[in-house]
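>>> Sequence first, then the predicted structure, then my questions.
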Amino acid sequence: MASTPPPAPPPASGWRARLRSWLPRRSADVIIANVGAGAQDVVVGKNILRIGTLVIPALPAVVALVALVVGVALGLWFSLVPATMPDGYVNIAIADFGQIDADGRMRVTADSQRVGETLFATVRDEVARLAPDYRGQVWHDSMSLLEKRGSIGMISGLTPDLRSPGACQRATDLHANIIVYGALDTRSTP
């Protein structure tokens with residue numbers, strides 16, 4: 001006696017079935033290949049690179065290439081762009097100027113930043129006009145990342161005596177012979 005197939009399950013009802021009916025149906029890619037006996041160098045698939053008999057998936061190859069380019073660029077940047085000022089020059093570092101407000105806090109403001117940038121441009125131009133045998137370099141934080149890696153920053157301290165040790169340490173870290181720093185004190189009338 002032949003057995004009858006079990007009855008089909010009732011259609012799904014409820015919120016899941018309604019949600020599925022609202023969403024568009026996705027179709028999957030179907031790749032069909034009929035490879036005969038004795039076939040050689042057959043590649044079946046999507047996003048595959050074929051180099052001779054070597055088959056490389058495209059996404060990992062592109063990711064590896066991008067990682068290689070970024071790694072080489074970072075390596076060149078670390079090896080070619082200096083983090084400290086070079087020896088054999090008269091090195092002048094111009095720090096960001098701070099501004100001391102009425103509450104006694106010191107911070108970099110647009111006005112104090114403009115003082116540092118103006119001083120940097122002036123000193124840089126004067127050093128460039130000197131005799132060719134005078135070797136001087138001037139650094140400031142407004143220089144691009146392709147000119148220097150080291151940051152000078154602001155020398156903090158409410159009084160000159162408190163700023164002096166920090167300035168000496170920063171000049172030593174940068175290999176600077178001269179460091180120019182200061183603060184605009186707005187607590188008193190100019």
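Ah, there it is. Numbers count the residues shown, from 1 in each chain.
>>> number of nearby residues for the closest residue to Arg135 other than its chain neighbours?
Leaving out its chain neighbours, the residue that sits closest to Arg135 by C-beta to C-beta, 6 or more residues apart in numbering is Tyr89, at 4.7 Å. In short, each C-beta sits where N, CA and C put it, glycine included. By the measure other C-beta atoms under 10 Å, the count of residues near Tyr89 is 16.
>>> What residue spans form the domains of this structure?
46-80, 90-185 (the TED database).
>>> Highest mean neighbour count out of these?
domain 90-185 (a mean of 16; mean count of other C-beta atoms under 10 Å).
>>> Could I get the average pLDDT for that domain?
If you average the pLDDT over domain 90-185, you get 86.
>>> and that domain, how far from the chain's centre?
24 Å (C-alpha atoms, centre = their mean, to the nearest Å).
>>> Quick one: end-to-end length of that domain, please.
30 Å (C-alpha to C-alpha, to the nearest Å).
>>> And the average pLDDT for the longest helix seen in the chain is what?
Using DSSP state H to define each element, the chain has its longest helix at helix 58-80. Mean pLDDT, helix 58-80: 88.
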